[in-house]
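Novice: Attaching a predicted model along with its sequence, questions to come.
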Amino acid sequence: MNAPPILSLADLQFGYVQASPVLRGVSLDVPPGTITAILGPNGVGKTTLLRIILGLLKPHAGKILLDGKSQADYSRWEMSRLIGLVPQSEYIPFDFSVLEFVLLGRAPYLGPLDLPRAQDRARARDALRAMGLEHLRERAAPSLSGGERQLAMVARALAQQPRVLLLDEPTAHLDLSNRDRVLNVLRAQARAGVTIVFTTHDPNLVAAVAGYVVLMRQGALLAAGALDATLTEGNLTATYGIPVRVMRWDGRLFVTS
Amino acid sequence: MRIVRRHLFPILIAALLLAFVSSLFIGRFPSPYWMPPTLLQENELARQLVFNLRLPRILVAVLLGMALAGAGAVMQMIFRNPLVEPGFLGVSQGAGFGAALAIITLSNAPLVVEFFAALFATLGLALSYLLARHFRYGGSILRLVLAGIAVSALFSAGIGILKFVADPLKQLPEITFWLLGGLWSVTWNDVTHIAPIVLPALAIIWLMRWRLNLLSLSDETAFSLGVSVGRERTLLLAVSVIATAAVVAVAGIVGWIGLIVPHIARRITGTDAQYSVPAAMLIGGIFALVCDDLARAWFAAEIPLGILTSLFGALGFAAIMLRPASEAHQ
């Protein structure tokens, strides 16, 4: 981790109600162009952490630096060009076509009174192509399957062209081939310099794609660092509270209980 | 029905202009239904009628339809609920209560009734908003919906009481007719009162029409796309409700335009508010104007406008929902 971190969290504290803290002193440095996984059991505060990085929730204490600048010094508009979010799921109330839905990702490049331009439409189409959704572009987005919808949300985030891409459980609804497609897109984005931070409860997803891993347990970081050094039987057993085995096969780690 | 969006707007604008011009010559003078345009050159009474009675009424009908349909489209998207109509935040029932109160306690002079209607429409909105802020249930959107329902029910109970105590021969018919909606009392004064409110409101909605799409997404997603969700939602809600209050004060409760026209527009253009919002405004203007022409020309006695908008709105809505969705997404 030599390059100056694009995302730096120092001693974050947060709770939805004062009495029960969700995050207790989270500190983390994420180098640019890396893939970092936030791994932990359900309900441990992973989504909360993403929302705090995004600025949607304000921490009670602690500091957040984005590209060396305090998060508070960014306007909402600047932030949306720096950080993109793929939420875990999304309710789409109206029959937007898939293309219209993905085109909304261009909002950070348009003023409040602007309409999308030809280049915005081109970006949206590129993003659809990258996610293998081009043939569905005229379909009503609410009629997509859960997996297709998740791909559409990733496509919208790609159209947004952020420097940091946050994904909340990005493969939760995906079959094996679509999961592979998302992982390949994440790798390609990271090679192009985009920093990827995603949450998951699946250690094998972490092993498949992440370079760095952050293990969370009850609102605190249990361990953080490079994949091989951190995704260990000892750490995972402490994270999940059950005996966990880590095996190496064909150069890759596999985790099983 | 594949109507390419490119062609749709010239067609709608031409239809509105056609309806506008022909409405000047539709009526019961000199004989039912149609006045020959040449009469304008010959007859002073015809000129007076067309320019002092019909023209302001036509302008208000168009503003009414555009405002209700535009505001309805905005509110359905912001509330993520296709069953919302623009008067539901206490505005329509508040205006009705104000009008009934004026008719019973003061006078049935149009200016007095309109003033009271506008006053109580604003009061209804303010009450809904304040109540929503203090509710301890649900998110901000749900709280507004619930508060709007409570305030509307309160005013509707008030209207019931006023109808009960009203003089059944003189006041009750006035109240009933006002509640059914109509433009029979419109003068140039009304045009100068509501145009400065409605036109800027429609302009703001039109300018921010693509942005409206973002406000129909979840707060989390809209926020991540750079939207200042609270601020932008409040702005668009405020201009929609103010425009609604202005036209309701003059026209009474003209139902169904704000609920049904946005559905018809989305059915034709697709959901994208860049197209569906201007389409809703234009269709709303045409629809209100045609209904008002029928209201004043069909029979010797005026039919309340609200009855016709409900009748044709519901029929048109059913007809369009029975057809397959448009594929005009280009």
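Specialist: Thanks, I have the structure now.

Novice: Up against chain A, what does chain B have?
Specialist: Proximity of chain B to chain A, by C-beta under 8 Å from any C-beta of the partner chain, involves residues B:77, B:80-82, B:207-208, B:210-211, B:213-214, B:216-221, B:223-228, B:232, B:266, B:270-272, B:274, B:325, B:327, B:329. For the C-beta atoms, the positions are set from N, CA and C on the backbone; glycine is no exception.

Novice: What subset of those residues is buried?
Specialist: With neighbours counted by 16 or more other C-beta atoms under 10 Å in any protein chain shown, the residues of chain B next to chain A contain buried members at B:77, B:80, B:208, B:210-211, B:213-214, B:216-221, B:223-227, B:232, B:266, B:270-272, B:274, B:329.

Novice: Show me what the helix or strand where residue B:223 lies is packed up against.
Specialist: Using DSSP states H and E, residue B:223 sits in helix B:219-224. With contacts taken as 3 or more C-beta pairs under 8 Å, 6 or more residues apart in numbering or on different chains; DSSP states H and E, helix B:219-224 sits against helix A:46-54, strand A:83-86, helix B:229-251.

Novice: which outside residues touch that helix?
Specialist: A:51, A:54-56, A:76, A:80, A:83-85, A:87, A:90, B:139, B:214-215, B:229 (C-beta atoms under 8 Å, 6 or more residues apart in numbering or on different chains).

Novice: Next one: the residue of chain B positioned farthest from its centre relative to residue B:35, how far apart?
Specialist: Going by C-alpha atoms, centre = their mean, the residue of chain B most distant from its centre is residue B:42, 36.5 Å out. With distances taken as C-beta to C-beta, to the nearest Å, residue B:42 is found 11 Å from residue B:35.

Novice: how many neighbours does whatever residue of chain A ends up closest to chain B have?
Specialist: The nearest approach of chain A to chain B comes at residue A:80, 2.9 Å away (C-beta to the nearest C-beta). Residue A:80 has 25 neighbouring residues, counting by other C-beta atoms under 10 Å in any protein chain shown.

Novice: ok, for it, nearest residue in space, not its chain neighbours?
Specialist: residue B:226 (2.9 Å; C-beta to C-beta, 6 or more residues apart in numbering or on different chains).

Novice: Which residues are in contact with that neighbour?
Specialist: Residue B:226 sits in contact with A:76-77, A:79-81, A:107-108, where contact means C-beta under 8 Å, 6+ apart.

Novice: closest to residue A:99 among these?
Specialist: Nearest to residue A:99 out of the contacts of residue B:226 is residue A:107 (C-beta to C-beta; 14.8 Å).

Novice: In three-state terms, label the closest one for me.
Specialist: helix (DSSP: H, G, I helix; E, B strand; the rest coil).

Novice: how near is it to residue B:42?
Specialist: In this view, residue A:107 and residue B:42 are 59 Å apart by C-beta to C-beta.

Novice: before we move on, what about residue A:96?
Specialist: Distance from residue A:96 to residue B:42, by C-beta to C-beta: 56 Å.

Novice: what residues does chain A put near chain B?
Specialist: Residues of chain A lying near chain B (C-beta under 8 Å from any C-beta): A:51, A:54-56, A:76-77, A:79-81, A:83-85, A:87, A:90-97, A:99-100, A:104-105, A:107-108, A:110, A:112-116, A:138, A:140, A:160.

Novice: Inside helices: which ones of the residues you listed?
Specialist: Under the assignment DSSP state H, the residues of chain A next to chain B contribute A:51, A:54, A:76-77, A:79-81, A:99-100 to helices.

Novice: any idea which element residue B:300 lies in?
Specialist: Assigned by DSSP H and E, residue B:300 belongs to neither a helix nor a strand.

Novice: quick one, what contacts it?
Specialist: B:28, B:32 are the contacts of residue B:300 under C-beta under 8 Å, 6+ apart.

Novice: per-residue pLDDT, it?
Specialist: Reported pLDDT at residue B:300 in the predicted model: 88.

Novice: and it, backbone torsions?
Specialist: According to degrees, to the nearest 10, the main-chain angles of residue B:300 amount to phi -60, psi -30.

Novice: How are the strands of chain A distributed by residue range?
Specialist: A:7-14, A:23-30, A:35-39, A:61-66, A:69-70, A:83-86, A:164-168, A:195-200, A:212-217, A:220-226, A:245-249, A:252-256 (DSSP state E).

Novice: can you redo these as TSV with mean neighbour count and mean pLDDT?
Specialist: Shown next, in TSV, are the strands of chain A (neighbours: other C-beta atoms under 10 Å in any protein chain shown; pLDDT from 0 to 100):
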stretch	mean neighbour count	mean pLDDT
strand A:7-14	19	93
strand A:23-30	19	92
strand A:35-39	27	96
strand A:61-66	16	95
strand A:69-70	11	96
strand A:83-86	26	97
strand A:164-168	23	97
strand A:195-200	24	96
strand A:212-217	23	94
strand A:220-226	17	92
strand A:245-249	11	92
strand A:252-256	14	90
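
Novice: Looking at those strands, which is nearest to residue B:179?
Specialist: Closest to residue B:179 of those is strand A:83-86 (C-beta to C-beta; 47.5 Å).

Novice: what packs against the closest one?
Specialist: helix A:46-54, helix A:146-159, strand A:164-168, helix B:219-224.

Novice: Show residues contacting the shortest one.
Specialist: This means strand A:164-168. With contacts defined as C-beta under 8 Å, 6+ apart, strand A:164-168 is touched by A:6-7, A:46-47, A:50, A:53-54, A:66, A:82-88, A:154, A:157, A:186, A:189, A:194-199.

Novice: could you give the angle of it to strand A:195-200?
Specialist: 10 degrees (axes from the mean of the first three to the mean of the last three C-alpha atoms, to 10 degrees).

Novice: Given strand A:164-168, what are its sheet partners and their directions?
Specialist: Next to strand A:164-168 in the sheet, as set by DSSP bridges, lie strand A:83-86 (parallel), strand A:195-200 (parallel).
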